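> I'll drop the sequence and a predicted model, then ask my questions.
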Amino acid sequence: MKESSMSKLCSLKEAIAQNVHDGDCVYAAGFTHLIPFAAGHEIIRQGRKDLTLARATPDLIYDQMVAAGCAKKVIYSYIGNPGVGSLRIIRSALETGRLEFEEYSHFGMISRLQAGASGLPFMPMNQTAATDLERANPQYKRVTDPYSGREVVVVPALTPDVAIIHVQRCDERGNAHIWGILGEQKEAAFAAKRVILTAEEIVPEEIIRSDPNRTLIPEFVVSAVCHVPYCSHPSYTQGYYDRDNAFYLEWDKISETPESVQAWLQEWVYGVADRDEYWQKLGSETHQRLSVPPLYAAPVNYGEY
């Protein structure tokens with residue numbers, strides 16, 4: 001595709017180098033699918049340090065980044081290897097005090113992003129049964145509702161230095177389509193100071209304009225656009241490839257010892273140049289196992305105007 005004068009296309013290596021700095025707060029968005037593992041691996045390769053890693057559900061991506069020594073703190077609402085158990089590396093780092101943390105409910109975490117996206121200093125929430133979180137996390141506060149006089153819980157805005165968001169497709173300016181399960185991508189993009197988009201496909205602008213309601217991320221919040229097929233593995237991207245459940249089970253075993261974790265990082269992160277080399281290294285058997293047949297939604301008629 002010929003790049004236009006407004007193109008933000010660059011390599012993932014360039015995007016990370018220009019937008020992720022030591023000490024930054026990084027938000028890798030996505031829920032269940034569209035998790036930007038390739039970007040996490042590139043951050044590891046570039047040796048970023050002292051990051052605050054924010055994410056509602058950290059998943060394996062943050063376990064790997066903590067293992068590589070990238071993080072000083074995690075901000076989250078759930079930590080675990082989905083369907084398997086604990087994230088062993090993060091849990092050990094938290095229990096031994098090597099990693100700072102802030103824990104929220106899911107709604108509290110998303111409320112923080114909503115406040116950041118709205119340019120507000122905090123977001124009020126109704127009181128919940130999760131009062132232990134208030135005792136454990138001093139960022140939870142209570143204020144008086146000036147209209148009813150009752151107490152409401154508030155959480156501070158979260159404004160990451162950079163949000164990394166994986167999408168199915170976008171144009172070269174950063175207008176992006178997402179479908180399937182939606183997470184906090186839109187809120188993270190609008191809350192962050194800089195946004196890196198990774199995409200399975202870079203498509204012409206007319207494809208994006210053909211279905212405007214599917215455009216969750218607009219170009220004016222995007223800093224860099226990167227074509228990164230298979231970015232989400234071992235997670236999945238709806239309509240492109242399946243979740244690698246076998247790897248989630250395998251990571252539970254790998255993460256049992258520091259030696260096996262470092263061996264995995266050496267082979268699968270430091271030992272490959274980029275996501276394309278990583279995907280080719282996985283091999284055709286894995287490619288076939290994760291392939292998905294097409295299942296198209298019914299077409300939408302926007303009408304002539």
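Received, thanks. Numbering: from 1, shown residues only.
> Mind picking out the helix or strand in this structure with the poorest mean pLDDT?
Ranked by mean pLDDT, DSSP states H and E, the weakest helix or strand in the chain is helix 131-136, scoring a mean of 86.
> Could I get the CA-only coordinates of that helix as CSV?
Only the C-alpha atoms of helix 131-136 are listed here, as CSV (Å, rounded to 0.1, in the frame of the first residue of the first chain):
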residue,chain,number,x,y,z
THR,A,131,-14.9,-2.9,51.1
ASP,A,132,-11.7,-4.8,51.6
LEU,A,133,-10.3,-3.1,48.5
GLU,A,134,-10.9,0.3,50.1
ARG,A,135,-8.9,-0.8,53.2
ALA,A,136,-6.1,-2.2,51.1
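> For stretch 208-225, what is the distance to the chain centroid?
With C-alpha atoms, centre = their mean, to the nearest Å as the basis, stretch 208-225 stands 17 Å off its chain's centre.
> and the end-to-end length of it?
15 Å (C-alpha to C-alpha, to the nearest Å).
> May I see the buried residues of that stretch?
In terms of neighbour count (16 or more other C-beta atoms under 10 Å), stretch 208-225 has its buried residues at 208, 215-217, 219, 221-225. C-beta: built from backbone N, CA, C; applies to glycine.
> What distance do you get for residue 245 to residue 140?
35 Å (C-beta to C-beta, to the nearest Å).
> try residue 220
Computed with C-beta to C-beta, the distance linking residue 220 and residue 140 is 33 Å.
> Residue 194 too?
Residue 194 is 28 Å from residue 140, by C-beta to C-beta.
> Excluding sequence neighbours, find me the nearest residue to residue 152.
Computed as C-beta to C-beta, 6 or more residues apart in numbering, the closest residue to residue 152 that is not its neighbour in sequence is residue 124, at 4.4 Å.
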